[in-house]
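Asker: need coordinates for the following:
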Amino acid sequence: MWEDLERCFGKGIVTVWDPKAAKKDLYSVHSRQYIDYLFSIKDTTYLDYETVMSESSLEGVLTAAGICLELMEYILTGNDTKGFALIRPPGHHAGNNRGMGYCIVNNMAIAVQKALLLNLQRIAIIDWDVHHGNGTQELFEETDKVFFIDMHQENLFPCQSGGADEIGSYTGRGFTLNIPLPPGSGRSQYLDCMYTRIYPALKAYKPQLLCVSSGFDAVAGDLEGGMSLSPQDFGVMTKIICAWADEFCEGKVFMILEGGYRIESVSEALVECIDVLRCWNT
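Answerer: Next up is the predicted model:
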């Protein structure tokens with residue numbers, strides 16, 4: 001993957017650094033009991049049937065969250081307007097008090113919480129991973145300060161999660177938009193949803209920051225998805241996101257890696273997305 005990026009963009013375009021999130025950062029979205037439990041793990045432990053945690057996993061978890069926090073601050077303090085956090089493990093299934101679906105902590109939610117603490121009042125998260133971002137939805141479903149929008153394959157994972165009737169609650173009612181799509185959906189279906197469903201919602205909301213949970217498992221042939229996007233389609237969708245960011249929020253785009261289980265497709269889609277971010281204003 002690194003070789004693909006450097007071949008397209010030149011040596012040095014891929015920056016690897018090692019910031020660490022602190023416990024207080026994780027507490028901002030997760031329960032103290034859950035985070036303290038993660039820090040206590042010594043032996044191999046299953047958080048659910050497919051999410052494995054060991055003592056050495058914690059370093060990766062803290063680094064992934066730390067990278068997202070650093071990138072968020074970098075974007076919001078004006079050093080640049082766009083960035084992509086290429087991290088593992090992913091995070092969008094992790095809720096307040098549990099991990100699941102390969103996700104241990106919710107990287108997107110942790111970074112967005114930092115943006116809220118920096119006085120942003122309206123943040124939009126678009127999740128185009130093939131699976132529903134149930135953890136992110138759970139963490140923000142009661143606030144109007146975060147508009148959560150999710151395009152996903154219907155009834156895939158978690159099963160019976162992400163229905164169109166899930167629209168948020170209390171103050172957040174109306175600020176969750178789920179768009180379940182049938183298996184086999186491709187570029188035309190995704191772009192139609194972006195232009196006819198997502199754009200009008202964003203225009204009314206007027207976000208100060210656009211965030212994207214960018215899973216690449218909706219690519220045709222992915223081992224865990226059943227959609228028909230190409231890697232190039234993610235470049236097209238990123239161009240749309242950048243245009244919306246120019247219209248609504250001074251160009252600010254924060255993207256992180258979520259799922260993707262065919263390494264060749266992930267590499268190609270990453271190149272497409274990062275190339276758009278790199279070249280948008282040049």
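Asker: ok, which stretches of the stretch 1-150 of the chain are strands?
Answerer: Counting by DSSP state E, counting those that start in this stretch, the stretch 1-150 of the chain has strands at residues 45-48, 51-53, 82-85, 123-127, 146-153.
Asker: for Lys23, which of these is the nearest?
Answerer: For the strands of the stretch 1-150 of the chain, proximity to Lys23 was assessed by Cβ to Cβ; strand 51-53 is nearest, at 15.9 Å. All C-beta atoms are positioned from the backbone trio N, CA, C, and that covers glycine.
Asker: list the contacts of that closest one.
Answerer: Strand 51-53 is contacted by residues 38, 41, 44-47, 99-104 when judged by Cβ atoms under 8 Å, 6 or more residues apart in numbering.
Asker: run the chain-centre distance for that strand.
Answerer: Counting by Cα atoms, centre = their mean, to the nearest Å, strand 51-53 is centred 20 Å from the centre of its parent chain.
Asker: now that strand: buried residues?
Answerer: Going by neighbour count (16 or more other Cβ atoms under 10 Å), the buried part of strand 51-53 is 51, 53.
Asker: and for stretch 122-129?
Answerer: Under the neighbour-count criterion of 16+ other Cβ under 10 Å, stretch 122-129 has 122-129 buried.
Asker: can you get me a residue count around Asn119?
Answerer: Neighbours of Asn119 under the rule other Cβ atoms under 10 Å: 8.
Asker: about what we covered before: ok, the contacts of strand 51-53 vs Ala22, which is closest?
Answerer: For the contacts of strand 51-53, the minimum distance to Ala22 (Cβ to Cβ) is 13.2 Å, reached by Leu38.
Asker: my read is that the closest one contacts Glu59, right?
Answerer: No: the pair Leu38 and Glu59 does not pass the contact test of Cβ atoms under 8 Å, sitting 11.7 Å apart.
Asker: of these two, which one has the most company?
Answerer: Counted by other Cβ under 10 Å, Leu38 and Glu59 do not tie: Leu38 has more neighbours, with 20 against 11.
Asker: what ranges in the stretch 151-282 of the chain fall below the confidence cut-off?
Answerer: 282 (pLDDT under 70).
Asker: that one: helices as residue ranges?
Answerer: 187-193, 199-205, 231-248, 263-279 (DSSP state H, counting those that start in this stretch).
Asker: so which of those comes closest to Pro90?
Answerer: Counting by Cβ to Cβ, Pro90 lies closest to helix 263-279 out of these; the figure is 11.5 Å.
Asker: what about the closest one, distance to the chain center?
Answerer: 15 Å.
Asker: just want the angle from it to helix 231-248.
Answerer: Per axes from the mean of the first three to the mean of the last three Cα atoms, to 10 degrees, the angle that helix 263-279 makes with helix 231-248 is 30 degrees.
Asker: give the buried residues for helix 263-279.
Answerer: Neighbour count says helix 263-279 has 265-274, 276-277 buried, by 16+ other Cβ under 10 Å.
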